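Student: using only what follows, build the 3D model:
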Amino acid sequence: QVQLVESGGGLVQAGDSLRLSCAASGRTFSRYAMAWFRQAPGKEREFVAAIDWIGEVTYYVDSVKGRFTISRDNAKNTLYLQMNSLKPEDTAVYYCAASNIFYSDSHYYTDNSMIYWGRGTLVTVSS
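Tutor: Predicted coordinates for the structure are as follows:
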């Protein structure tokens, strides 16, 4: 069992930056590939970014490429999402999630493919 707790969300203006963190406890964090998802109001949850077990390979949804960076610190059992040049359309609840498998195609990152989830942190970007 892995417990995931997100933090770092808040209210910012368009163009600002935020860094989200996801603290993991329980089983060995480095055993899991990790991902960020988000759910905007009235929309389904969508994949944002993923990272492999040691932080060498990453994937991003097209809408955040060049603006967001996913990273991890296995010594601190923590996953990060650095979000720059935020836009109002980035407004959502952001979730971190863990998987036993690091998928080579971002289309495989779905609600059903992840085995542990955090409870989310709200990011609101005003225009």
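Student: which stretches of this structure form strands?
Tutor: 2-7, 10-13, 18-26, 33-39, 46-51, 58-60, 68-73, 78-83, 92-99, 116-117, 121-126 (DSSP state E).
Student: residue contacts, the nearest residue to Gln82 once chain neighbours are set aside?
Tutor: The shortest distance from Gln82 to any non-neighbouring residue, by Cβ to Cβ, 6 or more residues apart in numbering, is to Thr69 (4.4 Å). Backbone N, C-alpha and C define where each C-beta goes, glycine included. Going by Cβ atoms under 8 Å, 6 or more residues apart in numbering, Thr69 touches Thr58, Tyr80, Leu81, Gln82, Asn84.
Student: what do you get for Arg72?
Tutor: Phe29, Met34, Ile51, Gly55, Thr78, Leu79, Tyr80.
Student: hmm, which two among these are most spread apart?
Tutor: Phe29 and Tyr80 (12.6 Å; Cβ to Cβ).
Student: how far away is the residue nearest in space to the middle of the chain from Glu6?
Tutor: Of all residues in the chain, the one closest to the mean position by Cα atoms, centre = their mean is Trp36, 2.0 Å from it. Distance from Trp36 to Glu6, counting by Cβ to Cβ, to the nearest Å: 9 Å.
Student: which neighbours do those two have in common?
Tutor: Leu20, Cys22, Tyr94, Tyr95, Cys96.
Student: count the neighbours of the last one for me.
Tutor: Summarising burial for Cys96: neighbours were counted as other Cβ atoms under 10 Å, giving 29.
Student: now swap in the third one and tell me
Tutor: A count of nearby residues for Tyr94, using other Cβ under 10 Å, gives 23.
Student: nothing else from me, thank you.
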